[in-house]
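J.: Sequence and predicted structure, then a few things I'm wondering about:
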Amino acid sequence: MSVLVSDRTESKFEAITYSIELHDMLIDFMQHGFGVKSVDDYVRLRYAYGKDDRENFSKYRFMMQNFKNRVDQLAALITNNVRAANTIYPTNLHECEMRRDYQNTAIVNCEQLLKELQRIAEIFEVDLNLYSPYVKAIDREIGLIKKWRQRDKKMESYFRCKGDV
């Protein structure tokens, strides 16, 4: 028997599977240069409009490559931290706290990723509308992790009541 899409609930593993989807989305976005059609054309325009005193192609190519590396690294860290949190099945309060730390770190990585995308848009003067699906995807991942943390609070309160430290 099938369940209507509108009646389906999110899986407990949705934060993990969505972090992988998010990473794949960002890899595709990176391959398309974050919406920058041509770094060389961008540098020429900056020089032509007097924003730079010389055409420094290597500087902007380096910056683009550096941003790609950081975005890829942060996306991988999100997945790694979410998976690490999932590997811990708490049997005491300390393990609950460890799991929560991994979840919090994944949220921090999401925020860092948002900051990197914002910085790319500022430096390369890209249309912000191109970034909206990626920002929404990152916000969704944050929401999924927060829901997961909320579900874990029940377990944590159980261990606190039990007095297990």
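T.: Perfect, thanks for sending it.
J.: Asn95 against Thr87, yeah?
T.: Small correction: residue 95 is Glu, not Asn. No. Contact criterion CB atoms under 8 Å: Glu95 and Thr87 do not qualify, at 10.6 Å. Any C-beta I mention is one placed from the backbone N, CA and C, and that applies to glycine too.
J.: The two: who's more crowded?
T.: The residue with more neighbours, out of Glu95 and Thr87, is Glu95; 16 against 8, by other CB atoms under 10 Å.
J.: how about the helices of this structure, start to end?
T.: Under the criterion DSSP state H, the chain contains helices at 14-31, 39-48, 57-87, 93-123, 132-162.
J.: between the second one and helix 57-87, what angle do the directions make?
T.: With axes from the mean of the first three to the mean of the last three CA atoms, to 10 degrees as the basis, helix 39-48 and helix 57-87 are set at 130 degrees to each other.
J.: tell me the contacts of Arg140?
T.: Tyr18 (CB atoms under 8 Å, 6 or more residues apart in numbering).
J.: distance of it from Tyr102?
T.: Here the criterion is CB to CB, to the nearest Å. By it, Arg140 lies 19 Å from Tyr102.
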